[in-house]
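Chemist: 3D, please:
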Amino acid sequence: MYPYIQNTKEDIKRMLETIGIDSVDHLFSDIPEDIRFDRELDLKPSMSEMEVRKYLTDMSKKNLTINDLTCFLGAGAYDHYIPSVVKHITSRSEFYTSYTPYQPEVSQGTLQYIFEYQTLICKLTGMEVANASLYDGGTAIAEAAIMATNITRKDQLVISKTVNPQYREVLKTYAHLQNLEVIEVDEAEGVTNLDELKKNVTDKTAAVIVQSPNFFGIVEDLKAIEEIAHSQKKTLFVTCVDPISLGILKSPGSLGADIVVGEGQSLGISLQFGGPYLGFIAVNKAHMRRLPGRLVGETVDANGKRAFVLTLQAREQHIRREKATSNICSNQGINTLAAAVYLVTLGKQGLREVAARSTQMAHYAYSEMIKSGKFKPLFNKPFFKEFAVTSDIDADTVNKKLLDEKILGGYALEKDYPQYKNGILYAVTEKRTKEEIDKLISVLEGIE
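Modeler: Purely as a prediction, here's the structure:
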């Protein structure tokens, strides 16, 4: 980073003499020369602190955020409203600086909010046990898959192509290193192809993995998929869900899911340029000892008062490596707290209102978008807050025109689904107003 590191040549010389070498290059002698960076960094000459601050500020102003744009982009990360109390509480130093609560006697606050979070996830998903969070939705699916193979002693996983493409890539990465077979089932008209699913689910299948609402925003027939999954002995049914949708949809637990996972970003966590996010996983008691990560349990202290402890710590830091159920080393503590505060702030009725409002505005946008016929529905299935349309115009062209009008457009489906050329996936949350949607439609209609 020279010339921005404050060490002088004399400082460097003294440090090298202290460790007994004659040059900085000697420090990197173990790195082959053909892969070393062989020139100076492309940095401007030395500047003062004031000049550097101005330079970086000017650079940052080139970025645009959802504070500058009207957001209709989803595909796994959503622009929901975050009540101010969420950031007020998560920014408090006792929460913001806390780490894994290994010593329960001094970590009761942290342990309690994780316990409350676990309870809220269980109520939301209709399951009995949830852990202290995972990294994100993709790793949640991967951990659920590995958990299923450990329970069933089978090494084959069947996943629908309507599951978020990024999640499927994460699963393949994990599965490759675990020597597990991953079979992807094609979609038909935006939902899992049930006939193909039946053909691929065999006595070798450890788990059937689906997402609902799926990547296209469509609500899958979970009951039908559950019957196919459970037609084979010991095969588990893994469901990935949008937690906001559970404000108005039946819980996956009530539909026969064995493991429920999902991305918790929409629960009071800002978009944050893609992370860090919050993965959740919930199961029934029969499988809780196979759950990755750790659990916070409720007990009483020596005085009989309510207290909390880490329990069933089945990771490699706590037990023999070969017996560990996961190598997850940290739960997403600050995001866990945000999700707990968000859910408690909204309550059951508030969550239902957010879900209903998102659905209503999404359906209004959909109906207005296809009204003229310029944009056509890609699918004709019930959807939650996302929908896909297509037209004769390239998706990138559409999104560039929208960006010119300070609108963040939808997700170009062709990136992951080549068969849907010009297809665009739009997301509409409770934050979007009728005026914003009407402007979106007006700009779209004007694109040649």
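Chemist: so what does the biggest helix by length in the chain touch, helix or strand wise?
Modeler: Longest helix in the chain by number of residues (criterion: DSSP state H): helix 333-369. Packing partners of helix 333-369 (3 or more Cβ pairs under 8 Å, 6 or more residues apart in numbering; DSSP states H and E): helix 84-90, helix 93-96, helix 108-125, strand 386-390, strand 424-427, helix 434-446. Backbone N, C-alpha and C define where each C-beta goes, glycine included.
Chemist: pull out the buried residues from the second one.
Modeler: In other words, helix 93-96. Across helix 93-96, burial judged by 16 or more other Cβ atoms under 10 Å covers Phe95.
Chemist: do the last one as well
Modeler: Neighbour counts using 16+ other Cβ under 10 Å place Glu436, Ile437, Lys439, Leu440, Ile441, Val443, Leu444 of helix 434-446 among the buried residues.
Chemist: hang on, the fourth one packs against Lys406?
Modeler: No - no contact is recorded between Leu440 and Lys406 when judged using Cβ atoms under 8 Å, the distance being 11.0 Å.
Chemist: now the angle from the longest helix of the chain to helix 108-125?
Modeler: For helix 333-369 against helix 108-125, the angle between stretch directions is 30 degrees (axes from the mean of the first three to the mean of the last three Cα atoms, to 10 degrees).
Chemist: just how off-centre is helix 333-369 within its chain?
Modeler: Taking Cα atoms, centre = their mean, to the nearest Å, one finds the center of helix 333-369 at 16 Å from the center of the full chain.
Chemist: what is the mean pLDDT for it?
Modeler: Helix 333-369 shows a mean pLDDT of 97.
Chemist: any buried residues in that helix, and which?
Modeler: 333-346, 351, 354-355, 357-359, 361-366, 368-369.
Chemist: mind pulling up the pLDDT for the closest residue to Asn399 other than its chain neighbours?
Modeler: Leaving aside its chain neighbours, Asn399 sits nearest to Gly409 (3.8 Å; criterion: Cβ to Cβ, 6 or more residues apart in numbering). Gly409 is assigned 98 on the pLDDT scale.
Chemist: and Gly409, how many neighbours?
Modeler: Residues lying near Gly409 (other Cβ atoms under 10 Å) number 25.
Chemist: before we move on, what about the one 10 residues further on?
Modeler: Number of residues near Gln419 (other Cβ under 10 Å) recorded here: 9.
Chemist: could you check how far it is from Lys439?
Modeler: Here the distance between Gln419 and Lys439 works out to 31 Å (Cβ to Cβ, to the nearest Å).
Chemist: same check, this time on Asp404
Modeler: To Lys439, Asp404 is 12 Å away according to Cβ to Cβ.
Chemist: what's the answer for Lys13, then?
Modeler: To Lys439, Lys13 is 63 Å away according to Cβ to Cβ.
Chemist: same question for Ile447.
Modeler: Separation of Ile447 from Lys439 (Cβ to Cβ): 13 Å.
Chemist: what's the answer for Gly333, then?
Modeler: Taking Cβ to Cβ, one finds Gly333 at 39 Å from Lys439.
Chemist: can you check Asn150 too?
Modeler: Distance from Asn150 to Lys439, by Cβ to Cβ: 51 Å.
Chemist: so Ala338 sits against Val85, correct?
Modeler: No - look at Ala338 against Val85 with Cβ under 8 Å: they stay out of range, at 10.4 Å.
Chemist: the longest helix of the chain vs strand 386-390, what angle?
Modeler: For helix 333-369 against strand 386-390, the angle by the same axes, to 10 degrees is 40 degrees.
Chemist: quick one, helix 333-369 and helix 434-446 angle?
Modeler: Interaxial angle, helix 333-369 versus helix 434-446 (the same axes, to 10 degrees): 60 degrees.
Chemist: which SSE is immediately downstream of helix 333-369?
Modeler: strand 376-377 (DSSP states H and E).
Chemist: model confidence score at Glu414, please.
Modeler: According to the prediction, Glu414 has pLDDT 97.
Chemist: err, Glu322, not the other one
Modeler: pLDDT, Glu322: 65.
Chemist: on that earlier part again, which neighbours do Leu440 and Lys406 share?
Modeler: Common contact partners of Leu440 and Lys406 (Cβ atoms under 8 Å, 6 or more residues apart in numbering): Thr70.
Chemist: helices of this structure, start to end?
Modeler: Under DSSP H, the chain gives helices at 9-19, 24-27, 49-60, 84-90, 93-96, 108-125, 137-152, 165-177, 194-200, 222-229, 333-369, 395-404, 434-446.
Chemist: give me the helices and strands touching the lowest-mean-pLDDT helix or strand in the chain, please.
Modeler: Across the helices and strands of the chain, mean confidence by mean pLDDT, DSSP states H and E is lowest for helix 93-96: a mean of 78. Contacts defined by 3+ Cβ pairs under 8 Å, 6+ apart place helix 93-96 against helix 108-125, helix 333-369.
Chemist: now do 7 Å
Modeler: Using 3 or more Cβ pairs under 7 Å, 6 or more residues apart in numbering; DSSP states H and E as the contact criterion, the elements in contact with helix 93-96 are helix 333-369.
Chemist: so who does the residue nearest to Asn399 touch?
Modeler: Remark: with contacts taken as Cβ atoms under 7 Å, 6 or more residues apart in numbering, Gly409 is in contact with Phe72, Leu73, Val398, Asn399, Leu402, Leu403, Ile424.
Chemist: let's have these in TSV, adding neighbour count, pLDDT and distance to Thr239.
Modeler: Converted to TSV, the contacts of Gly409 look like this (neighbours: other Cβ atoms under 10 Å; pLDDT from 0 to 100; distance: Cβ to Cβ, whole Å):
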residue	neighbour count	pLDDT	distance to Thr239
Phe72	26	98	26
Leu73	23	98	24
Val398	21	98	33
Asn399	19	98	31
Leu402	23	98	33
Leu403	13	97	35
Ile424	28	98	26
